[in-house]
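Student: When you get a sec, could you give me coordinates for this:
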Amino acid sequence: MMDVGALVMAAGYSRRYRDQNGQHKLLVRHQVCGNLSLLAHTLRLTTAACGKRVNVVLRPEDHALIETARHYHCGITLVESHSLGDSIAAGVATQPDWSGWLVMLADMPWLQLSTVRRVRQAMAVADTVRPQWKQQPGHPVGFSANVREALLNLHGKAGARSVLSGAPPLLLQVDDPGCIRDVDIPGDWAEC
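Tutor: Predicted structure coming up:
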């Protein structure tokens, strides 16, 4: 599955975080991220798992995030996205030659590299793959080229739920609570 790549979803507005902190959450540096910005931490993890097959979906006005993606030599898809579904469809459209896509959320600093690698490897045997921690489905979610058309038709806030209901995922049990934990507001950085 060497030609499976990662689509890093980073086109959100970060409204709730900005309302409380005045800053885009993906630009926040934190000790959880080794004092890198959240996006830089995510891209370091993602490139470790997928090499050069990383494409970041961003808003055109988010110049600092675009520069971070360039620093890590990632592909960039600029989109005026209003939802996760739109972002996924745009990312898949810009990488049509990949045999599959790992949909990575950019705001999950506790996610373990081993989880990303396991999902990517499992794509060799399933059209959709998802990690699960204590019966809770997590991220990243892997999609093979067999569901490409369905991914290209996504729109709306439901993300890829319709694809997963049509092609139920292979669920990988992982010892990684980070696969279900994201940063939404400043208080989310508190330790568990």
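Student: For the rest of this, base every contact and every neighbour count on C-alpha atoms.
Tutor: Fine.
Student: my read: residue 7 touches residue 54, true?
Tutor: Yes: contact criterion CA atoms under 8 Å: residue 7 and residue 54 qualify, at 6.1 Å.
Student: shared neighbours of those two, which are they?
Tutor: Residues touching both residue 7 and residue 54 (CA atoms under 8 Å, 6 or more residues apart in numbering): none.
Student: For this protein, give me the ranges with low pLDDT.
Tutor: Under the criterion pLDDT under 70, the flagged ranges of the chain are 1-2, 191-192.
Student: Just the buried residues of the longest helix anywhere in the chain, please?
Tutor: Counting by DSSP state H, the longest helix found in the chain is helix 38-50. Within helix 38-50, the residues that count as buried by 16 or more other CA atoms under 10 Å are 38-43, 45-47, 49-50.
Student: distance of residue 137 from residue 130?
Tutor: 7 Å (CA to CA, to the nearest Å).
Student: Which one of the two is surrounded by more residues?
Tutor: Under the criterion of other CA atoms under 10 Å, the comparison of residue 137 against residue 130 puts residue 130 first, with 28 against 17.
Student: Which residues does the more buried one form beta bridges with?
Tutor: When assigned by DSSP bridges, residue 130 has beta-bridge partners residue 171.
Student: pretty sure it is in contact with residue 167, am I right?
Tutor: No: if you go by CA under 8 Å, residue 130 and residue 167 don't touch, sitting 11.6 Å apart.
Student: close enough to count as contact, residue 169 and residue 131?
Tutor: No: applying CA under 8 Å, one finds residue 169 not in contact with residue 131, separated by 9.2 Å.
Student: Stretch 15-26: end-to-end distance?
Tutor: End to end - CA to CA - stretch 15-26 spans 12 Å.
Student: List the contacts of it.
Tutor: 10, 13-14, 37-39, 65, 106-107, 183-186.
Student: can you rerun that using 7 Å?
Tutor: Contacts with stretch 15-26, where a contact means CA atoms under 7 Å, 6 or more residues apart in numbering, come from 14, 37-39, 107, 184-186.
Student: Make a PyMOL selection of the buried ones in those.
Tutor: This is the PyMOL syntax for the buried subset of the contacts of stretch 15-26, where burial follows 16+ other CA under 10 Å:
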select buried, resi 14+37+38+39+107+184+185+186
